[in-house]
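> structure for the following, please:
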Amino acid sequence: MIESVMDSLPLVESHAFGSQRTTADWIEHEIRSRLIRLGQGFRPPGGPRRPGDVTWNHYHINIKSTDLTKDFHMPNLISSENLWKLLERGDEFVLLRLIHRDGKIEDWDFWNIQDISWDCLQIGALGTGQIQIKNATKPLTTGDDRPSWRQQWQSKMMDFYQREQTKIGKRLAKWSNR
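Next comes the predicted model:
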């Protein structure tokens, strides 16, 4: 189903849009709209704060695009807190990743977040910790089994919060000495 949507996308001319974000928004919106029109159980998420761009059964599908002609390639996937809640209720979070040059899609892949190696992921300092792809121009690799993935995630989160505490301590000391 997803393959037929990907094959039917028109070429996007880079001059048609004003920015990288506008091009990415158009690609992501077009795929989301086409999946929902397919029916087959694809539907919009339950609200604006729900994870993913489209849902299918208990899968929350996050559509991300990376323009190889640009310099920044660390897309945010989901907040750690939202992913925890989603997995605890038995849902799954998957990534539909698109690689393009100025809007022309060159490749795409489909991943369950728990199948992506932590060598390819990191925790970004947004909110309660945002899971990000370290470099979306590189191929993603498969990690350990899902229980091991969760243990590594917990360890990464503990390290992340310890670094955040250190940063906050330095900021407090700096401001208390002014």
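> all contacts plus neighbour counts: C-alpha atoms, from now on.
Fine.
> what ranges of the protein fall below the confidence cut-off?
Scanning the chain for pLDDT under 70 picks out the ranges 1-20, 47-48.
> try it again with 50
Within the chain, the stretches with pLDDT under 50 are 13-15.
> in it, which residue is closest to the centre?
For the chain, Leu77 is the residue whose C-alpha lies nearest the centre (Cα atoms, centre = their mean; 2.3 Å).
> would you check that that residue makes contact with Gln130?
Yes. Using Cα atoms under 8 Å, Leu77 is in contact with Gln130, at 7.1 Å.
> circling back: and the helix or strand hosting the residue nearest to the centre of the chain, which strands flank it?
Element membership for Leu77, per DSSP states H and E: strand 76-79. Counting by DSSP bridges, the strands paired with strand 76-79 are strand 130-133 (antiparallel).
> would you mind identifying the next helix or strand past the partner strand?
Criterion used, DSSP H and E; the element after strand 130-133 is helix 146-176.
> show me what counts as buried in that following helix.
For helix 146-176, the neighbour count (16 or more other Cα atoms under 10 Å) marks 149, 153, 157, 160 as buried.
> and the first one, how close does it get to Leu121?
This means Trp149. As for Trp149, its distance to Leu121 is 11 Å (criterion: Cα to Cα, to the nearest Å).
> equivalent analysis for the second one, please.
The gap separating Trp153 from Leu121 is 10 Å, by Cα to Cα.
> same check, this time on the third one
Using Cα to Cα, one obtains 12 Å as the distance from Met157 to Leu121.
> ditto for Glu164
18 Å.
> now Asp71
Using Cα to Cα, Asp71 is found at 18 Å from Leu121.
> the two: which has the busier surroundings?
Neighbours per residue, other Cα atoms under 10 Å: of Asp71 and Leu121, the larger number sits with Leu121, 20 against 9.
> from what I see, that one and Lys134 are in contact.
Yes. Using Cα under 8 Å, Leu121 is in contact with Lys134, at 5.2 Å.
> buried residues in stretch 128-144?
129-137, 140, 142-143.
> off-centre distance for it?
Centroid separation for stretch 128-144 versus its chain: 8 Å, with Cα atoms, centre = their mean, to the nearest Å.
> over to stretch 97-110?
For stretch 97-110 - counting by Cα atoms, centre = their mean - the centre lies 14 Å from the chain centre.
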